[in-house]
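Trainee: One predicted model, sequence on top.
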Amino acid sequence: ERLKEELRRGKALASALEEGFKRAWTSIRDSNISTLISALILYTFTTSIVKGFALTLGIGVLVSMFSAITVTRLLLKLVLSSKFETSKLILR
């Protein structure tokens, strides 16, 4: 969504991609940190069944954050640098 906003502002595709990720990072970071804090509290103060859930939640958030930062950015760069760059389907 941030990429679309930057493109509407008239930025070039490469700079729009970088700026979109830069602007989205604070939202991604804040939401994941609050979830990690919740998982830590659950893990610290609850029973073993809930501790398992909290551990799984924490690992899931860390993996999700890693993929949002690295994998998604890499895949977007690959797709947008290919022949599909001018396709209206991608940027709808």
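Mentor: All right, it came through fine.
Trainee: contacting residues for the residue nearest to Arg9 when sequence neighbours are not counted?
Mentor: Leaving aside its chain neighbours, Arg9 sits nearest to Ala16 (7.8 Å; criterion: Cβ to Cβ, 6 or more residues apart in numbering). Just so you know, the C-beta spots here come from the backbone N, C-alpha and C atoms, and that holds for glycine as well. Applying Cβ atoms under 8 Å, 6 or more residues apart in numbering, we find Ala16 in contact with Leu3, Glu6, Leu7, Arg9.
Trainee: Let me see the confidence value for Ala16.
Mentor: You'll see Ala16 listed with a pLDDT of 79.
Trainee: got it, and the one 10 residues further on?
Mentor: Looking at Thr26, its pLDDT is 86.
Trainee: circling back to that earlier point, out of the contacts of Ala16, which end up buried?
Mentor: Among the contacts of Ala16, the ones that count as buried by 16 or more other Cβ atoms under 10 Å are Leu3, Glu6, Leu7.
Trainee: What distance do you get for the last one to Thr35?
Mentor: Okay, so that is Leu7. Per Cβ to Cβ, to the nearest Å, Leu7 is found 30 Å from Thr35.
Trainee: Kindly report the same for the first one.
Mentor: For Leu3, the distance to Thr35 under the criterion Cβ to Cβ works out to 24 Å.
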